[in-house]
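Visitor: 3D model of this:
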Amino acid sequence: MHFLALLTALAGLALAIPAPSPHVVHETRAVDPNAWSRGDRLDADKVLPLRIGLSQSNLDQIEDLLMSVSHPESPSYGKHLSPSEVVEIFAPSDTTIDTVKIWLIESGFTLDRIKLSSNKGWLQLNAKVSEIEDLLKTEYHVYTHEDTGTTQFGCHSYSLPKHIQEHVDLIKPTVHFNHRPKPQQKIKRAGNIGQPGINGPKQSSKKVHITPSLENCDQFITLDCLRALYDFHYTPVATHKNTFGIVEFTPQAFLAGDLDLFFKNFTPSLVGVRPVPIIIDGAVVQTFNQSFDTNGESDLDLEYGMSLVDPQPVLLLQTGDLVEGAGFDNWLDAVDGSFCTFDGGDDPTQDGIYPDPLPGGFKGPESCGIITPPNVVSVSYGQDESTVTAPFAFRQCLEYGKLGLLGSSILYSSGDFGVAGFDGVCLNEEKQPVVNGTVFNPDFPVTCPFVTAVGATQVNPGSTVNDPEGACEQVIFSGGGFSNIFPMPSYQAELVSGYLERHAPRFPQGTFNNSGNARGFPDIAANGANYIIGIDGEFELVFGTSCSAPVTSSMITMINDARIARGKGPVGFLNPLLYSSAGRAALNDITMGGNQGCGTPGFQAIPGWDPVTGNGTPNFPKLLELLLSLP
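Guide: The predicted model follows:
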């Protein structure tokens, strides 16, 4: 039954409608918030933008579809899909749409209040808190942060009729909670991904006073060190067709003077050159707050990303206004219009919602499908996987898979705290973050199997660029381990299962997800220690997978250039190739170092794949040769 006949069916078949099925809990908050106090009930008359994520079709096919266009041995390698094909494959069925609409109408919502997104993925309606509480059998409360006084709202869990569950992925805003407040921030959303101290490279107290050279790359990493380490020498020729995007979250922003300070010393041809701004949801490249915490990430990403692909233009996907900021869904909205709903499909407790009604906020419409997905996207931001629910994580992860089907390579840094979460926080046996926790705390979205997770290595002290690297163990530790949400994808099953069988450390049961069916990460690594950057008018050293992600992304961008120059398409989703025998032969295996955390030595780098450096670091000439040989 299609919805055109819905009202007739409701009237004519009233006697045939079965009794309402009992409500069952559909989603529960991933983590009870630390340092937040639950207060009064949310105002019953407050209107919320309720969004119902409908269960999509053919989800069981996405991995097979990705393998068919991404595995080097597939006869369909490189034959990426069109946006319309992707929408058609995964659109919810008419039965799902109609079933949920009938439930809403029976619950008292009139048809004119219910809207369906263009990709059929979301139902949206504006409703009072009292209406939503009755619909979902829940209660919304206001939460106040004990240190900053900032507030946000949410419910602990919500329920659906049993017969509706199979048709709904998740509902927003409900249980999702922002766990990292910015001091004195007036509204709390996961838009604070870009807030100072939340993400970003780690700063060294060591100042740069000497002229770096290849002889001291163990102390100072420069462009020449990276080119020598990975034999990365390539000048692009298809710059008018190729695309490379770097995501930054407001208020993180580059300073033009910092770029030119770096370029003058290391890439003179780029002095005066800036990234191409893609302004998402009223974003601004702010300059009135100038500090390492607000400029370090963007300066690092752009100084190295732009230099390594020069003269390829770099797209700056600057995301979120200064009032709300943004979450990961916001930049995904911008590159894929089908991911949007009428108001973004986003979660007010995770993402920026636009137009922004707050004073000084962006009053324009959300940035929905404003740019074709770049061939490569580098993201050096994350959050603890323990802070998101499984439905939320799966819904976002599916979008990364869709981008892979379209031909985009999405690379995320794997984290800087080894097996621990941000600031070294670990979990208890119930997977809740606690002081002195002993259970490993993986990152997100890097645990999504449809992104490429990039860990960090180092030139070991006293070594040179001609010696094997080790896992990064200076200032930061390469994020890695096993997801508590995502199952092991088929492309890594053989290697990861082999690691667990032969090399898994003997930690107490429950220390990490050793079920044998968990997504392992990272997938690949690159140097992440002792980077020289221009920041706030001087040179400083930084560390982090924030370094290794844009460097690896730059190499993939140059490989795409070579393929495009030969009339081929971009490589798209990388992971099936990285885990293939041919792909591993084009990487430098890392066999030294670990990623300690949670009171343990963490995992150790070993021959082959490991949850510290993945399959190793790029050997650019070998990767280039391999990928040029593919269709």
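
Visitor: Flag the shaky bits of the stretch 301-450 of the chain, pLDDT-wise.
Guide: 341-350 (pLDDT under 70).

Visitor: With the stretch 151-300 of the chain instead?
Guide: Scanning the stretch 151-300 of the chain with the threshold set as pLDDT under 70 gives 177-212.

Visitor: all helices in it, in order from the N-terminus.
Guide: With DSSP state H, counting those that start in this stretch, the ranges of helices along the stretch 151-300 of the chain come out as 162-165, 223-230, 256-266, 292-309.

Visitor: so residue 423 sits in a strand?
Guide: No - looking at residue 423 with DSSP: H, G, I helix; E, B strand; the rest coil, it is helix, so not inside a strand.

Visitor: On the strand side of things, show who the nearest residue to it once chain neighbours are set aside bridges to.
Guide: Closest residue in space to residue 423, ignoring its immediate chain neighbours: residue 417 at 7.1 Å, by C-beta to C-beta, 6 or more residues apart in numbering. For the C-beta atoms, the positions are set from N, CA and C on the backbone; glycine is no exception. As for beta bridges, residue 417 partners with residue 477 under DSSP bridges.

Visitor: Grab the CA positions of stretch 217-230 and hand them over as CSV.
Guide: These are the backbone C-alpha positions of stretch 217-230, laid out as CSV (Å, rounded to 0.1, in the frame of the first residue of the first chain):
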residue,chain,number,x,y,z
CYS,A,217,64.2,14.0,11.0
ASP,A,218,64.1,12.1,14.3
GLN,A,219,63.8,15.6,15.9
PHE,A,220,62.1,17.8,13.3
ILE,A,221,59.7,16.5,10.6
THR,A,222,59.5,18.6,7.5
LEU,A,223,58.1,18.1,4.0
ASP,A,224,61.5,16.8,2.9
CYS,A,225,61.5,14.2,5.7
LEU,A,226,58.1,13.0,4.6
ARG,A,227,59.1,12.8,0.9
ALA,A,228,62.2,10.8,1.9
LEU,A,229,60.3,8.5,4.2
TYR,A,230,57.7,7.5,1.7
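
Visitor: Next one: residue 118 from residue 97, what distance?
Guide: Distance, residue 118 to residue 97, using C-beta to C-beta, to the nearest Å: 13 Å.

Visitor: more neighbours, the two?
Guide: A side-by-side neighbour count of residue 118 and residue 97, using other C-beta atoms under 10 Å, places residue 97 first with 20 against 14.

Visitor: Wait, a helix at that one?
Guide: Yes - looking at residue 97 with three-state DSSP, it is inside a helix.

Visitor: who's in contact with it?
Guide: Counting by C-beta atoms under 8 Å, 6 or more residues apart in numbering, residue 97 touches 3, 54, 116, 120, 123.

Visitor: beta partners of the second one?
Guide: Spelled out, that is residue 54. Beta-bridge partners recorded for residue 54 (DSSP bridges): residue 168.

Visitor: Correct me if wrong: it contacts residue 166.
Guide: No - Residue 54 is not in contact with residue 166 according to C-beta atoms under 8 Å; the separation is 10.6 Å.

Visitor: quick one: which of the two has more around it?
Guide: The residue with more neighbours, out of residue 54 and residue 166, is residue 54; 23 against 10, by other C-beta under 10 Å.

Visitor: What distance do you get for residue 433 to residue 384?
Guide: Counting by C-beta to C-beta - residue 433 and residue 384 are separated by 7 Å.

Visitor: Revised request: answer the last question for residue 463.
Guide: With distances taken as C-beta to C-beta, residue 463 is found 33 Å from residue 384.

Visitor: Residue 561 too?
Guide: 36 Å.

Visitor: cool, residue 357 as well?
Guide: Per C-beta to C-beta, residue 357 is found 29 Å from residue 384.

Visitor: Of these two, which one has the most company?
Guide: Neighbours per residue (other C-beta under 10 Å) separate residue 357 from residue 384, with residue 384 holding more: 24 against 10.

Visitor: and the more buried one, what are its phi and psi?
Guide: The phi/psi pair for residue 384 (degrees, to the nearest 10) reads phi -70, psi 140.

Visitor: Let me see the contact set for the residue nearest to it when sequence neighbours are not counted.
Guide: Distance criterion C-beta to C-beta, 6+ apart; nearest residue to residue 384, sequence neighbours excluded, is residue 421 at 3.9 Å. By C-beta under 8 Å, 6+ apart, residue 421 lies in contact with 384-386, 415, 427, 433, 441-443.

Visitor: which of the residues you listed has the most neighbours?
Guide: Neighbour counts for those peak at residue 415, which has 37 neighbours (criterion: other C-beta under 10 Å).

Visitor: Nearest residue to that residue in space, please, no chain neighbours.
Guide: In space, and not counting its chain neighbours, residue 415 is closest to residue 479: 2.5 Å by C-beta to C-beta, 6+ apart.

Visitor: picking up where we left off before, thought the residue nearest to residue 423 was touching residue 476?
Guide: Yes - between residue 417 and residue 476 there is a contact under C-beta under 8 Å: 7.3 Å.
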